[in-house]
Every structure is written in structure tokens, then in C-alpha cells.
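*Asks:* Provide a 3D model corresponding to the input given below.
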Amino acid sequence: MQKNNDFGKDRLEALTDGIFAFALTLLVLNIDVPPTVSQDAPAAAVENLLGSLAPHFLHYVLAFLILASFWVTHHQFFRRITVMDKSLMWLSIIGLLLIALLPFSTDLASTFDRYSLAAIFFEANVFFVGIIFFAQWAYASKGSRLLERGTGPEEIQLEKRRLLVMPLVSLAALLPASAGIPGTTMIYLFTPFIYLWLGRE
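*Replies:* Purely as a prediction, here's the structure:
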């Protein structure tokens, strides 16, 4: 296969950073102060308001950490890719489509936090982003065809392990959520520690 840069790696990276920045910003915009609470409302009303917004804040933090983890891992493996082709470009676009969906799935999970279906939708969204990222690296690293010279098999395998973290965590959340167990999204709080552990290898 002839290698070329016709599909513009730099342009794709710029688009990717823009989509991530947009999605991260939308997360906080999903937290709305209800207009029913006026500025001269009693303190108890404000306390009740903050209490009702707690699930939104919690899912905001979770989704922000998840998106940040995806951005870091994408940067780590994509800097090793020197050549773009049509297949990798479309895998990347599908990944961005799923990234852009995360603010919606986060809002759904936080608004209907008592319903397992909302958590399943959110966790499935994260799972498929992780799978697409893994597929990008697996495709690019097969035979090192799209990678920079000097990328060895050990580094390729380490990157695969990193990229499998989020899909595996999502599966660990999806299984109990499918059984109707609430609070499954809290499992994502462990992902930063897993990445730190892998970073020591």
C-alpha cells in the first residue's frame, strides 16, 4: 500500500481538539439553574436546589474525567501515527461522532439517574468511543504500516492495553446496569488510577 498524507493528519488533529473542547464545554452548560428559584429565595430553597443538582454535578465530573482521559490517550497514540489513509480517517470521524454525543448521554444519565436505561445509554456511549479508539490503533499499528519508524511491538501492545481500559470499565458498568443495579456510573472514578498504574509500565 502506498503511503501518503493526502487526508491531512494535522487537519484531523485540529478537528479532534475542537470537538473535544466543544464537548467539554457543553458538559457544564447542561447544568441549569431553574428559573423558579428567585434571587430573594430563602436559603433553604437554594440548599434544596443544590441538592437536586448533585447528580448533574457528579456526572459532569465523571464525564469530564472520561473525556479528558480519551483526549490524553488519543494524543498518546496518534502522535505515533505518521500517515493517514481513508480507512483511518473514517474511523476517526466515527469516533468524533461518538465523542460529540457524550454531553447528551451525560445529561440523560444525570437527569434520569434512577433509571438503569439512562445509565446504560451513557455507558454504551463510552464503551463504543473506547472501541473505536482501540480499532484506530489496531488498524494503524498492524504491521506498523502507518506508524513512525522505531515503534516496537512492546510499545504497540502497551498502547493497546491503555486503549482497552475504558471499554473494559464500561463493560464492568454495563453488566450490573443491565440487571437494574443503580449507581453503576460511579465505577468510572477508578479509571484515573488505572491509567496512572499503566503509566508506570
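*Asks:* need the longest helix for this structure.
*Replies:* helix 43-78 (DSSP state H).
*Asks:* buried sites along that helix?
*Replies:* 53, 55-56, 58-60, 62-64, 66-67, 69-71, 73-74, 77-78 (16 or more other CB atoms under 10 Å). For the C-beta atoms, the positions are set from N, CA and C on the backbone; glycine is no exception.
*Asks:* right, and the helix or strand after it?
*Replies:* helix 86-111 (DSSP states H and E).
*Asks:* and the following helix or strand past that next one, what other elements does it pack with?
*Replies:* Downstream of helix 86-111, the next assigned helix or strand under DSSP H and E is helix 116-141. Under the contact criterion of 3 or more CB pairs under 8 Å, 6 or more residues apart in numbering; DSSP states H and E, helix 116-141 touches helix 43-78, helix 86-111, helix 153-178.
*Asks:* Mean confidence (pLDDT) on the first one, please.
*Replies:* Read it as helix 43-78. For helix 43-78, the mean pLDDT works out to 85.
*Asks:* The longest helix of the chain packs against which elements?
*Replies:* Partner elements for helix 43-78 (3+ CB pairs under 8 Å, 6+ apart): helix 9-29, helix 86-111, helix 116-141, helix 153-178, helix 191-199.
*Asks:* do you know how far residue 147 is from residue 52?
*Replies:* 49 Å (CB to CB, to the nearest Å).
*Asks:* Run the chain-centre distance for the worst-scoring helix or strand of the chain on mean pLDDT.
*Replies:* Ranked by mean pLDDT, DSSP states H and E, the weakest helix or strand in the chain is helix 191-199, scoring a mean of 77. Its chain's C-alpha centre and that of helix 191-199 lie 15 Å apart, by CA atoms, centre = their mean, to the nearest Å.
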